[in-house]
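# Kindly return the folded structure for what I paste below:
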Amino acid sequence: MYPGDFLPCVAARAEFDLAGGDTRIVSARWPRDRVPAPGTHPCLLVAVLARGDHPTAGAHVWEHANLAQKNLTVVDLVPGEFFILPVVIQNLRVETKAVLEVWRDPELPDTYVSLVHRTKAFFASSRPRPRPLQLPPPRPEPEPDQLMDCGGVEPWRTDRVGGVLTSRHPDRILRRFPQAVELRVGPGDRVRVPVALASEAPTGFGLKIAAPEHAEPGTRFTTHLVHRQAGGKRLVGGVAVQVRVRAPTQLAEDGADFRSVAIRDPRTRWGSCSRRGNLSFSWRLLLAPADVLHYVVVHELCHLREPSHQKAFWRLLGSVQPGWQRELRWLREHGQELHDYRPEVPVESLERRRSPAP
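Numbering: from 1, shown residues only. I've put the predicted structure just below:
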């Protein structure tokens, strides 16, 4: 079980003195009997120890917070959305002063980056002062079995935890960072922020990164957050976040957060999307023009992002499928014809035939 499976190490190699900005490819021999079998998906962990590191014998990499264990998180955002990465710093010293340094992509030095914490004391030495964390309005949570605008009868669990912390899910952020404040990091490709850590204890906070409003789909940029000791000289840890800017159409086609798809024969709705990401569509859409079928599917996929028919939903739908009003008009004019159609073999009979015998 991870991380125990990574100890003891399989291969090690002693190298190299590097000048600032230099790079080096390091090779190490790998035992033949440790080569993963074809078709497997192994996870390899590599630790790099510098001269100043003093790891305890038999300790895991994450137990001495080495910078070489700087994890990379990759997230997809549309322009204007933001993501919060929870970060934990393990401070084994009595000293509480520390410096966090944000490294932006040199081509995007004005990318919105902020640090999020539950208390202002975390930013006691920072200027300007932090402000309350700004979030979109939380999505209203329906009562169990309450229908959404498009139908859907899945109950919504209010005690749900976990999930990616993006501006699409402010409720998750509120549960992770209740009554939090944020300090916006000033412009520049390398900016230092002094913070106050807990003494001889872990400190949790969030790294908030937004995709620029003007970013083109396909743009990628990486933001690094590194931890320095109080003097600001020695790096002792860090994380990195790569943002891939996607168009709303791409996210809808990817089925963001969608869980399952069902084909039924409802009498009043062409499709539905539950709060848990369960999609349902009428089989009678197969009788409609392909553009109409596409519109209904995209409409329900947009509900994964915006559950109600408020202005934000119609803006998203318009960006994904311009001119959707034409397909909606066709459904209103010809939808009854689809409902009136009666196949020679009832759909219910076909479903029973596919069901296994009791």
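# Where does pLDDT dip in the stretch 1-150 of the chain?
The stretch 1-150 of the chain contains residues with pLDDT under 70 at 1-9, 16, 20, 38-70, 138-150.
# quick one: the strands in the stretch 51-200 of the chain?
Along the stretch 51-200 of the chain, counting by DSSP state E, counting those that start in this stretch, strands occupy 71-77, 82-91, 97-103, 113-117, 131-132, 181-184, 190-196.
# Now do the fifth one: which elements does it pack against?
For strand 131-132, the elements it packs on are strand 181-184, judged by 3 or more Cβ pairs under 8 Å, 6 or more residues apart in numbering; DSSP states H and E. Using the backbone N, CA and C atoms, a C-beta is placed for each residue, glycine as well.
# Show me what the strand it packs on is packed against.
When contacts are defined as 3+ Cβ pairs under 8 Å, 6+ apart, strand 181-184 sits against strand 113-117, strand 131-132.
# So for that strand, what gets flagged as buried?
For strand 181-184, burial by neighbour count (16 or more other Cβ atoms under 10 Å) applies to 181, 182, 183.
# Save those residues as JSON lines, and put in distance to residue 221 and pLDDT too.
Compiled in JSON lines, the buried residues of strand 181-184 are given as follows (distance: Cβ to Cβ, whole Å; pLDDT from 0 to 100):
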{"residue": "181", "distance to residue 221": "25", "pLDDT": "95"}
{"residue": "182", "distance to residue 221": "20", "pLDDT": "95"}
{"residue": "183", "distance to residue 221": "21", "pLDDT": "95"}
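# closest to residue 292 among the residues you listed?
Of all the buried residues of strand 181-184, residue 292 sits closest to residue 182, with 44.2 Å by Cβ to Cβ.
# separation between the closest one and residue 294?
Going from residue 182 to residue 294 by Cβ to Cβ, to the nearest Å gives 40 Å.
# Out of the helices and strands packed on strand 181-184, which is the most enclosed?
Among the helices and strands packed on strand 181-184, ranked by average contacts under mean count of other Cβ atoms under 10 Å, first place goes to strand 113-117 (a mean of 23).
# Next, the angle strand 97-103 makes with that strand.
150 degrees (axes from the mean of the first three to the mean of the last three Cα atoms, to 10 degrees).
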